[in-house]
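In: Fold the following and give me the result.
(chains A, B, C, D, E, F, G and H, ligands or ions: 10)
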Amino acid sequence: MGEKVLMKGNEAVAEAAIRAGCRLYFAYPITPQSELIEYMAKMMPKVDGTFVQAESELAAINMVYGAAGCGKRVMTSSSSPGISLKQEGISYIAGANLPAVIVNVQRGGPGLGDIQPAQGDYFQATKGGGHGDYRVITLAPSSVQEFADMASLAFDLADKYRNPVYILSDGLLGQMMEPVEFKDAKTEKDFEELDKQHFAWCMHSNQDEPNHHHHEINSLEIDPKVLEKHVEKLGEKYNEIEKNEKRWEEYNINEENQMVCVSFGTASRVVKSAIDTLQEAGISVGLIRPITVWPYPSEAIQKALNDKVKKVMVFELNLGQMVEDVKIAVNGKLPVEFFGKVGGIVFTPEEVQEKIKENL
Amino acid sequence: MGEKVLMKGNEAVAEAAIRAGCRLYFAYPITPQSELIEYMAKMMPKVDGTFVQAESELAAINMVYGAAGCGKRVMTSSSSPGISLKQEGISYIAGANLPAVIVNVQRGGPGLGDIQPAQGDYFQATKGGGHGDYRVITLAPSSVQEFADMASLAFDLADKYRNPVYILSDGLLGQMMEPVEFKDAKTEKDFEELDKQHFAWCMHSNQDEPNHHHHEINSLEIDPKVLEKHVEKLGEKYNEIEKNEKRWEEYNINEENQMVCVSFGTASRVVKSAIDTLQEAGISVGLIRPITVWPYPSEAIQKALNDKVKKVMVFELNLGQMVEDVKIAVNGKLPVEFFGKVGGIVFTPEEVQEKIKENL
Amino acid sequence: MKTELICSGFGGQGALTIGKFLAKAAMKEGKHVSWLPSYGPEMRGGTANVSTVISEKPIAAPIVSFPDILVALNQPSIDKFGPKIKKGGLLIANKDMCPKGLNREDIEIIYAPMNQIAQEIGDAKVLNMVAIGIVIGKKRLVKYDTLEEDLKDFLKQKNPDLLQANLKAIQKGIEIGEQN
Amino acid sequence: MKTELICSGFGGQGALTIGKFLAKAAMKEGKHVSWLPSYGPEMRGGTANVSTVISEKPIAAPIVSFPDILVALNQPSIDKFGPKIKKGGLLIANKDMCPKGLNREDIEIIYAPMNQIAQEIGDAKVLNMVAIGIVIGKKRLVKYDTLEEDLKDFLKQKNPDLLQANLKAIQKGIEIGEQN
Amino acid sequence: MPRITVDPNYCKGCGLCIEACPKKIIRFSEDINAKGYHYAECSDQKSCIGCKLCYITCPDVAITVEK
Amino acid sequence: MPRITVDPNYCKGCGLCIEACPKKIIRFSEDINAKGYHYAECSDQKSCIGCKLCYITCPDVAITVEK
Amino acid sequence: MEVIATRPKSLTNVPFTYCPGCLHGVAHRLIAEAMDELDMRNNMMGVAPVGCSVFAYEFFDCDMAEAAHGRAPAVATGMKRARPDMHVFTYQGDGDLAAIGTAEIIHAANRGENISVFFINNAIYGMTGGQMAPTTLPGMKTTTSPYGRDENDIGYPIRMCELIDTLVSPYFIERVSLLSPQDINKAKRAVKKAMQYNKEDRGFTFIEFISTCPTNWGVDPLKARDWAKENMLPFFKVGNFRDKANAGGE
Amino acid sequence: MEVIATRPKSLTNVPFTYCPGCLHGVAHRLIAEAMDELDMRNNMMGVAPVGCSVFAYEFFDCDMAEAAHGRAPAVATGMKRARPDMHVFTYQGDGDLAAIGTAEIIHAANRGENISVFFINNAIYGMTGGQMAPTTLPGMKTTTSPYGRDENDIGYPIRMCELIDTLVSPYFIERVSLLSPQDINKAKRAVKKAMQYNKEDRGFTFIEFISTCPTNWGVDPLKARDWAKENMLPFFKVGNFRDKANAGGE
Ligand SMILES: Cc1ncc(C[n+]2csc(CCOP(=O)(O)OP(=O)(O)O)c2C)c(N)n1
Ligand SMILES: Cc1ncc(C[n+]2csc(CCOP(=O)(O)OP(=O)(O)O)c2C)c(N)n1
Ligand code: SF4
Ligand code: SF4
Ligand code: SF4
Ligand code: SF4
Ligand code: SF4
Ligand code: SF4
Ligand SMILES: [Mg+2]
Ligand SMILES: [Mg+2]
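Out: Ligands and ions are numbered 1, 2, ... in the order given. Next up, the predicted model:
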């Protein structure tokens, strides 16, 4: 870890990705993620990496597919409408068991919407916006430091499971500056190690005789019996991920809680602020902040439902998309209420406090 | 209603759409929906309608956007990977409050997958595969007749709510022939009536003076306060749809049920077959078949949970995507189990019987 | 009563059409019917097959796993579906293309030299009509008249010359079916 | 202790930089900081503003709705954010561009002719540094030395000539801040 | 006699008309408009020859030319 | 002396080689292969001039030419 | 006194949202004047792109659709096919038309859709803050080509008129400049021709405007024009590529 | 006796899945032979499209990626950029390359990606059962142009070589025919050139093969060749469009 620097989230995650060994980056400009692509344009040449501004988000995600198929750490980023355009490609990446990191700096939708922070792509990220049965590991940062840290986590998880990983950020985290400390950059030896790990499945040169097995990067299985096995194996992988990779933060969770709040990313920061104020006023409210929104940390919510807790409240910057996951976790034990803001508006701590009080 | 004819689902829905007043159709070929586009290619010229084979699914959905903006009944169709490519466009259509009908003849995924029937796009359809807060009314047919009938229902709902509507079919329903009876075709007077209804919001010629209001088809609101209102209004519309438009079929639901099954589309046909056999053997199992998978008929499931029912079982041709909606409906009252097949394999009545018996 | 058929053969032999004509005729006679083809890249050579169900009651599952009747126009069809014919079921096989046949005692089997019959009638393409005839002659699944009417409608547009050959093939098939 | 600032002005006046330098210096002094700009098509003219929070404890919400301190480089900034300044808070306004000012009794207000001061120093662009100086002089949010060091680092690369003007502007600002 | 009017609501003070005018009779006003721009104004209406070059150049369609 | 071999595993009986052969010494065999095609065969090896036109034409790369 | 030049009726009274000196406004005016002069305003529908001209639907006084980034030609196809009695145009930037929307413009042109496409080439992504466009010149610095566009790594600018001119169906193709009053007058004639053909439903008409982006080029409006004259015009040659009315160009 | 012609090593022993007489197989052989002759097999990576040649990854004996429909040039870009030491080619049909993948091919060409693109033009969508392609000829009946392609409604076929030839960066562009042994031999020379340039990392190389689809054209393989000679070759002129090695074509 080095010195603290003050940096925008968009730039911090780019820097952290480079340190995590990302040497290929393909993307298309869009507000509010453009600082990310611009940082990559500036820095990739300095580390002998590849930066290509693709002709579109579609092209970018398919470039990612190609580079990932060669076993390299590769990333793309965009914001909401651009992420929609990547859905076919993401389904292919998932179907072909490829590691890749995709950053979504969310903005207000649907359609062209606006360019302010929002969390309206929760469904798309967690339930799979593309076709077919697949899942994308989805990390939801709530600070610039965490945004940066998630770059290396995302690459590690992507490699571990050979699966795409989203970092589901938003315009606020992308645009704001906070102090951030970076991990040490990967060394030549680390790169060799990574290449070695990927050699078994990725595309590379073959010195073997004709008709020995060559490597295919592929999601096509025209025989349904074979595809069935393939998808079942994907299913097992997703179960494995659900078992191992749930991450969350508990904030002020204790025996005195009258309410448990659930909130992720930018929204959770505001909720924390409200919780602090209420605590000072003697009202005890806890927060479960999912760090992975898929796999979803249901058990963390269940465990937090102490006897005094009368209600669970979900705070998001959308029409209530995460409510479904919370309801599944709570499983009828307590009422689940929702408060949200849409269109790029972030609720204030005061609004959150009020909503909590109303629901006590 | 006319005579019964034996027809493929793909052709029947196309014919029904034309009768329902669809005069513009834009699509790109893909198996197993190609008979639909081919039928349109053949028939549209005969009714003075427009058929354009677009250069891609992206272009097709954006042609739909343009034609819908002119207040015309317009449709597109595709199969899973092609539907993924339409996600940005669908988000725009939803964001701009436009009516449009989108047929998805699902195949095995993810990625290129195969071309056999599957239900792996449930999440994409019901949770919104594109970005931002929006919902698409999703009709799930289970027979060729219903597939055809849904064409006019879909257009009516699309017009009523100015919202995109999916018909979520699959390769089996698209490819199979069953007898089908068609409704009478729309008359000139019906078309005039429709045009009149759409005149208030759609694009058309303006005879007014400069700087009077002209019509915009748009999802952009750069001021977050305005976008907030816009999305809140969308939210109200979705609530309205949830209140009014839930549809389902009850099959063998009665006081004797030991189990309630939930299954939609093609899968539900097999479950019905299994239920019949079990009933003959004295085992009473009921089925709730959601006809709209969004809005989801939760209440129908809740109501079916009589005292004797010990378990709810979900049967789908995917890894268990609808299970989440069923769990939310059941809300912890009973255990929810799942059986599915993936990769384009359809389970047999025998397999379903066995699973039901195992779970009694 | 519900009858589940699989018709199967090389692409071009017309297996799918057998199912279609049977289903269409049954529909006209007021039955519930379904017709589900195999589809996909098999279009390039390979085999084609179709599940057809004809029933008094609405048809739940249109996929036939265990047919009452298998119409097999070539040996691979027998190899694939023969073992799945229900006990007491029926195999109608094209003798000319099924050198190995099927070794089962618990079903009825009719071998007919369909290629040869078709050739004799004067059109190699009507071999599938022979098969339809056998199904009708044996099982009375649909009436000949319904079928004839349908064929007339269909071939009037496409190729009136073919009509006679088709009808002859069906009649020949019915004879065989009735004799077995 | 937590201080929440909004700095606001026309694009080009350097409002965002005020927040950035304050946040950076505070960070170097071990504080928690956050800096959140308005962004978007406002880049084309219009106004720009930034929420800056400096705190002893981790910062939950980086959006400042009700600032302790408002630095307003023009009148529209006062019109927009002036009413939201916390009771007992502080307004630092650029007298030269804020003809109307703000009519509140429950806060402290410092009007300083920042354009004029900057002109006197010899570089119109350092008007935002005057504002920074006032904040420090008045509130001691960060140390002058930290800021100086930072500016040296920053301007060494970009434009060493500007450094002196900047430092002078800050010092002038501090004076004003201390006097008020 | 030709004359021009600049509508300060549209003008953004880009200066393109000033450069375009063959008679050099357009200048920035001392005043600023609501958006903070020193808008263009005619310094000498009677020299205007109504050539419309200012109108043609103006990207904000702020100028009216009369004859 | 040149000669050709057709591998029945690859041949689909398209007939393109038959048309291509200047010596007209390729024909369809009476037998069918596993896929049901009457594959090509050489009717007269000794007339072969090793011109490779059959090989060049064959879309299924079923032919080997030796000299 | 008679008004000899003033805001055309086909522009609303909403001030443009463009930067001072940005030539988007000139292109808008030319189109609006053609609409006025050909009496097309009441039967016109337009499509706005995503780019600085995203708010075009507020500026043109006819019904308009806001398209997704790059998809305007597809949207226009849907509109013209739905309302063959109306006239349709799109207005698109170089990111919109020559990058993400490449397939849509080529295929609309190739189908010979009865629409007019107005293409503003300013060699940059204006709206998103100055990233490289497909039309960015070799060596030109942008926020995503911070060391200058390296033509050996990512190739040369795309010339859309030349590309579209390889297709059989388009009816009218011309590249014009907005860099001087004289050029603007020439551009006006081309725009009016395109609109006239549009009115007569003759086929696909395409006009590329060589324009500027003072803000993201980081220069004032006058310098921007000069820079464009020196650097863009040699690579993007103005002129008529095709006019089927006189059988294949002037 | 010496084998003078047999299956090249760079083809696996998997029989092609193409219809009898389909010329996809000939194109495959030419590419594989070039790989053999230039000793590139061990350093080659390929990209298969979606189309009849979707299984190309089973036929070429090197590592391969299966791309989404139309995106092969983008996938190849990712691969070549990730492994500059390897050589990369794509193999694409006319639906894949000239319809859905228009943007990807044009921009890969425009960037001058160091890859070879082999483009099979059979004037139809083979795999999906004979729908119209952008290269379908005027009047030609397909399942989605059942009354014949109406050039007044949907335009003329797209000529990809001509289109790409308007870009500055591509290194080698040639259209060849597979319709006779002589043509195939010429095609072979073009393929080998492209591969040679690929080996030397000289830039973007593009070959369009005029081919057939007997199945969906509904004729036998011989008739298909004749039809293509008569109908395709007049519109799709074979020849070299560019060879930067000899400064601008033969
Ligand atoms: C799918 C999608 N990708 C990216 C963007 C972001 N975006 C908005 S405008 C634009 C480029 C604008 O450049 P150009 O088309 O050249 O127009 P200009 O602003 O230069 O007039 C981009 C990339 C978007 N809105 N949607
Ligand atoms: C996104 C997407 N759209 C459509 C398809 C369906 N599809 C598969 S192949 C194909 C066209 C193939 O035609 P072509 O590229 O000409 O290749 P050919 O089969 O003729 O060799 C299409 C439309 C698909 N798989 N994915
Ligand atoms: S009309 Fe001509 S002379 Fe008059 S102000 Fe305009 S440019 Fe100058
Ligand atoms: S050209 Fe127009 S906007 Fe620019 S200064 Fe002149 S009047 Fe104002
Ligand atoms: S090599 Fe020539 S002569 Fe010999 S079989 Fe082949 S085509 Fe005929
Ligand atoms: S060309 Fe090849 S596939 Fe065709 S018949 Fe001859 S050997 Fe067989
Ligand atoms: S950013 Fe550039 S293109 Fe956009 S309005 Fe400003 S000057 Fe014009
Ligand atoms: S369908 Fe056409 S292109 Fe495809 S393999 Fe068959 S003949 Fe070849
Ligand atoms: Mg631009
Ligand atoms: Mg093709």
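
In: partners of the residue most central in space within chain G in the sheet?
Out: Central residue of chain G (C-alpha atoms, centre = their mean): residue G:119, 1.9 Å from the mean position. Beta-bridge pairing of residue G:119, defined through DSSP bridges, involves residue G:92, residue G:208.

In: what sits against it?
Out: Counting by C-beta atoms under 8 Å, 6 or more residues apart in numbering or on different chains, residue G:119 makes contact with G:92, G:93, G:94, G:97, G:98, G:160, G:206, G:207, G:208, G:209. Heads up, the C-betas are built off the backbone N, CA and C, glycines and all.

In: If any of these are buried, give me the PyMOL selection for them.
Out: Only the buried entries of the contacts of residue G:119 go into this PyMOL selection, using 16 or more other C-beta atoms under 10 Å in any protein chain shown:
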select buried, chain G and resi 92+93+94+97+98+160+206+207+208+209
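
In: can you put the contacts of residue G:119 in a markdown table and add distance to residue E:35?
Out: Shown next, in a markdown table, are the contacts of residue G:119 (distance: C-beta to C-beta, whole Å):
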| residue | distance to residue E:35 |
| --- | --- |
| G:92 | 27 |
| G:93 | 23 |
| G:94 | 27 |
| G:97 | 30 |
| G:98 | 32 |
| G:160 | 34 |
| G:206 | 34 |
| G:207 | 30 |
| G:208 | 31 |
| G:209 | 25 |
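
In: Would you mind naming what in chain E lies close to chain A?
Out: Not one residue of chain E sits near chain A, judged by C-beta under 8 Å from any C-beta of the partner chain.

In: could the contacts of residue G:119 be laid out in JSON lines, adding pLDDT?
Out: Below are those laid out as JSON lines (pLDDT from 0 to 100):
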{"residue": "G:92", "pLDDT": "98"}
{"residue": "G:93", "pLDDT": "98"}
{"residue": "G:94", "pLDDT": "98"}
{"residue": "G:97", "pLDDT": "98"}
{"residue": "G:98", "pLDDT": "98"}
{"residue": "G:160", "pLDDT": "98"}
{"residue": "G:206", "pLDDT": "98"}
{"residue": "G:207", "pLDDT": "98"}
{"residue": "G:208", "pLDDT": "98"}
{"residue": "G:209", "pLDDT": "98"}
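
In: mind checking the SS state of the residue in chain E positioned nearest to ligand 7?
Out: Closest contact between chain E and ligand 7, by C-beta to the nearest ligand atom, is at residue E:59 (8.7 Å). With DSSP: H, G, I helix; E, B strand; the rest coil as the basis, residue E:59 sits in coil.

In: and it, what does it touch?
Out: Contact analysis of residue E:59 by C-beta under 8 Å, 6+ apart lists E:14, E:16, G:16, G:18, G:21, G:22, G:23, G:24, G:25, G:26, G:29, G:221.

In: ok, now with 7 Å
Out: Residues near residue E:59 by C-beta atoms under 7 Å, 6 or more residues apart in numbering or on different chains: E:14, E:16, G:18, G:21, G:22, G:23, G:25, G:26.

In: what's downstream of the helix or strand bottoming out on mean pLDDT in chain E, the next helix or strand?
Out: Across the helices and strands of chain E, the lowest-confidence element by mean pLDDT, DSSP states H and E is strand E:26-32, at a mean of 93. Reading on from strand E:26-32 to the C-terminus, the next helix or strand found by DSSP states H and E is strand E:38-42.

In: which parts of that next one are buried?
Out: Those would be E:38, E:39, E:40, E:41, E:42, for strand E:38-42 by 16+ other C-beta under 10 Å.

In: now swap in stretch C:172-180 and tell me
Out: Buried residues in stretch C:172-180, counted by 16+ other C-beta under 10 Å: C:172, C:173, C:174, C:176, C:177.

In: what sits up against it?
Out: Outside stretch C:172-180, the residues touching it (C-beta under 7 Å, 6+ apart) are C:110, C:112, C:117, C:121, C:129-138, C:144.

In: Tally up the residues packed near residue C:171, please.
Out: Burial measure for residue C:171: 17 neighbouring residues, criterion other C-beta atoms under 10 Å in any protein chain shown.

In: Look up phi and psi at it.
Out: phi -60, psi -40 (degrees, to the nearest 10).

In: doesn't residue C:70 fall inside a helix?
Out: No - counting by three-state DSSP, residue C:70 is not part of a helix but strand.

In: Give me the pLDDT for whichever residue of chain E sits closest to ligand 9.
Out: Among the residues of chain E, residue E:59 lies closest to ligand 9, at 15.1 Å counting by C-beta to the ion. Listed pLDDT for residue E:59 reads 98.

In: Work out for me the element the nearest residue to it once chain neighbours are set aside sits within.
Out: Leaving out its chain neighbours, the residue that sits closest to residue E:59 by C-beta to C-beta, 6 or more residues apart in numbering or on different chains is residue G:25, at 3.4 Å. Following DSSP H and E, one finds residue G:25 within helix G:24-37.
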